[in-house]
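Participant: Provide a 3D model corresponding to the input given below.
(chains A, B, C and D)
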Protein chains: 2
Amino acid sequence: MKDVAALARVGTKTVSRVINFEPNVAAPTAERVWDAVRALDYHVDLQAGSLRRASGRTHTLGLLISSVDNPFAAAINRAVEDAALPREVAVFASSLDDDAEREDAAVRAFMRRRVDGLILTTMSRNTGYLLSTIERGTPIVFVDREPAGIDADIVTSDNRAGAARAARHLLEHGHRRIVALTDRLEIQTARERRDGFLAEVDRAGAASEGIVVSGLHDPADTERALHELLTSDDPPTAVFSAQNLITVGAIRAIRALGLQHRIALVGFDDMPLFDLVEPGVTVIRQDPQQIGARAADRVFARIDGDTGPAQRLILPTELVERGSGEIVAPSS
Amino acid sequence: MKDVAALARVGTKTVSRVINFEPNVAAPTAERVWDAVRALDYHVDLQAGSLRRASGRTHTLGLLISSVDNPFAAAINRAVEDAALPREVAVFASSLDDDAEREDAAVRAFMRRRVDGLILTTMSRNTGYLLSTIERGTPIVFVDREPAGIDADIVTSDNRAGAARAARHLLEHGHRRIVALTDRLEIQTARERRDGFLAEVDRAGAASEGIVVSGLHDPADTERALHELLTSDDPPTAVFSAQNLITVGAIRAIRALGLQHRIALVGFDDMPLFDLVEPGVTVIRQDPQQIGARAADRVFARIDGDTGPAQRLILPTELVERGSGEIVAPSS
DNA sequence: CTGAAAGCGCTAACAG
DNA sequence: CTGTTAGCGCTTTCAG
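Facilitator: Model (predicted):
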């Protein structure tokens, strides 16, 4: 910048004014500065700027999602990026991998970089470590999962209602013995979905039985678990898979046994090709695009000074019937 | 940091030494510093540090991929993140959307943030704007697509060979009228795949005809284009779809006409559920995980001072037979 | 082993 | 309209 100032024969502050489009610079002066900028191929150092800037803004955001590689999380990532782009905010995305240590490390890394705000998917229990971040004044918005014991903005799907809807759908098709396949129960959404599922099955009366297999993590272990169940003495007639990767594992297990037209399946969360599988996979659809967009709205509102009470945005889910969930129970 | 120094009754330099694990600090002094750090919940400001640091490193990377939302690109993103994590490097990911302006803007944004290195997927022609970046000494590694007129490290799949393999596979199954559906031809991989496809069809002799439909971008326009072709007077008997989203569109068009067991299909690039649709989708599989990992290796090597000649890593592709590509041509 | 002073590139505050 | 001075939080340099 000194070089630019020297070449344009102005002070450094004038250069600063020009490149930041501040007023009070004569047109010809500005022109000389721009010429120098181009001649030297100068790019401001945003980091250096934020060091001195009154607001202290770094124009960065920290985003913690299950994995940048998971389609659901990637859609959130994209929505956040789209909201950040016009504000010239860059986003650091980190994969959580449902690992509490990674969560802690990622947030610390974000703080060392002085991000202006955080959008976080957390493991449930230990959100206490975030208190110091909140104290510092860095806004936090939670997505997908609700944190324990922290009063902050949150954007999530209605997991309980969605899971209940799935259960009801299967019950309505005559199923009485239904298994719910869920993530590890440390994860808040896994608990919510299990609870919604069980509540609905219970409501249906004593004739109905809800089995819960939890602790699942990826398609492979889901496939193993469901295979075992389906080949047992008293197999379920319907499956509720409570997460996208678990649904994939469930489909594999069911198809491997040739049961795709006998065992009913409803999954939580949609995936790109679920409509093309045979039969089409019935799902409770969430809107990750919307979740990401709303979460970004909230952080930016907070960054811009919104000090209103914490908002809880619970987005509705939608049942998408494609065939797998409409298989009726065998009349035994 | 001043506060920490005051509380520990040491100079700021000693605090700096302790938190950066530099030698020459007495154990009891260090202990006092750590106590103060904890008491004040102090986190270093990495940005401020990099401003003064001799190396000038910011410990950040810029990653430009087609879209953080595309499964292929997301896998690359994840691999880069995994390589960056142990080095305490954070990555800024941006979506290109095959838009030259976004490319330019993203790279400029990366430079203003003084990233230590760049991993880029580019549109083909206009890579000249990168010269100043290279001059600045910021290492660049290209992924997926090869840039025009820049001598830099590149990691990509063997697109020509993969496309040729797809064509050969379809020819071997008796197809003589094959359509290749490709991206916009400004994109280097689209050209490579088209060329590999056409070369192989030509090699098969005058009886074989390769039709190319290019300029496709997403499942929707692909579906329209292929639908039109399949309902024309002289429809192809086989389809080569040269990209993952295009393959999805092709599957939809074929299924919508009920032709999934009549029209052969080979796609370039795999997707999670391609093995579960009926029939399974035969693909030329790339290894995005590997591409990302190798690209990260290269940037970090360059950042660490490797000044060797530019490396071209061309990773092999693999034909995965699942059914859709093994449909034989009708004996007309 | 420790600290004081200088300065990284920029913007704030103020003086011309 | 323009420039000067100070200082953001840190690391470097160098002197104790």
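
Participant: going by contacts, tell me the helices and strands next to the lowest-mean-pLDDT helix or strand in chain A.
Facilitator: Across the helices and strands of chain A, mean confidence by mean pLDDT, DSSP states H and E is lowest for helix A:131-136: a mean of 87. Packed against helix A:131-136 by the contact rule (3 or more Cβ pairs under 8 Å, 6 or more residues apart in numbering or on different chains; DSSP states H and E) you find helix A:100-112. (Glycine included, C-beta is placed from N, CA and C.)

Participant: neighbouring strands - and their directions - for the helix or strand just after the helix it packs on?
Facilitator: Helices and strands here follow DSSP states H and E; after helix A:100-112, the next one along the chain is strand A:117-120. On the basis of DSSP bridges, the sheet neighbours of strand A:117-120 come out as strand A:60-65 (parallel), strand A:140-143 (parallel).

Participant: any idea of the mean pLDDT in the longest one?
Facilitator: Per-residue pLDDT values over strand A:60-65 give a mean of 98.

Participant: can you name the next helix or strand after it?
Facilitator: In the C-terminal direction, the helix or strand that comes right after strand A:60-65 (DSSP H and E) is helix A:71-84.

Participant: and what of the shortest one?
Facilitator: Beyond strand A:140-143 on the C-terminal side, the first helix or strand identified by DSSP H and E is strand A:153-157.

Participant: so where is chain A shaky, pLDDT-wise?
Facilitator: Under the criterion of pLDDT under 70, the regions of chain A flagged as low confidence span A:124-126, A:332.

Participant: put the alpha carbons of the least confident helix or strand of chain A into CSV.
Facilitator: What follows is the C-alpha trace of helix A:131-136 in CSV, where atoms were taken according to Å, rounded to 0.1, in the frame of the first residue of the first chain:
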residue,chain,number,x,y,z
LEU,A,131,-19.9,-19.9,27.0
SER,A,132,-16.7,-18.0,26.7
THR,A,133,-17.3,-17.6,23.0
ILE,A,134,-20.7,-16.1,23.7
GLU,A,135,-19.2,-13.9,26.3
ARG,A,136,-16.7,-12.6,23.8
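
Participant: that helix near DNA strand D at all?
Facilitator: No. Under the criterion of Cβ under 7 Å from any atom of the strand, helix A:131-136 makes no contact with DNA strand D; the nearest approach is 11.5 Å.

Participant: what comes into contact with that helix?
Facilitator: Applying Cβ atoms under 8 Å, 6 or more residues apart in numbering or on different chains, the set of residues contacting helix A:131-136 from outside is A:107, A:111, A:118, A:140, A:150, A:152, B:41.

Participant: wait, which of these is closest to DNA strand D?
Facilitator: Nearest to DNA strand D among the contacts of helix A:131-136 is A:M111, at 10.8 Å by Cβ to the nearest atom of the strand.

Participant: B:H43 versus the closest one, what's the distance?
Facilitator: Counting by Cβ to Cβ, to the nearest Å, the separation of A:M111 from B:H43 is 5 Å.

Participant: can you list residues touching both of the two?
Facilitator: Joint contacts of A:M111 and B:H43 (Cβ under 8 Å, 6+ apart) do not exist.

Participant: quick one: contacts for the residue of the stretch 201-332 of chain A found nearest DNA strand D?
Facilitator: As assessed by Cβ to the nearest atom of the strand, DNA strand D sits closest to A:I303 within the stretch 201-332 of chain A, at 18.1 Å. By Cβ under 8 Å, 6+ apart, A:I303 lies in contact with A:57, A:116-117, A:139.

Participant: residues from the stretch 201-332 of chain A in reach of chain B?
Facilitator: Proximity of the stretch 201-332 of chain A to chain B, by Cβ under 8 Å from any Cβ of the partner chain, involves residues A:248, A:251-252, A:255, A:271-274, A:276-278.

Participant: find the residue closest to the residue positioned nearest the centre of chain A in space, skipping its chain neighbours.
Facilitator: Nearest to the centroid of the C-alpha atoms of chain A, with distances taken as Cα atoms, centre = their mean, sits A:A73, at 4.6 Å. Among residues not flanking A:A73 along the chain, A:I65 sits closest, at 3.8 Å (Cβ to Cβ, 6 or more residues apart in numbering or on different chains).

Participant: quick one, what contacts the one you found?
Facilitator: In this structure, A:I65 makes contact with A:73-74, A:76-77, A:93-96, A:121, A:143-144, judged by Cβ under 8 Å, 6+ apart.
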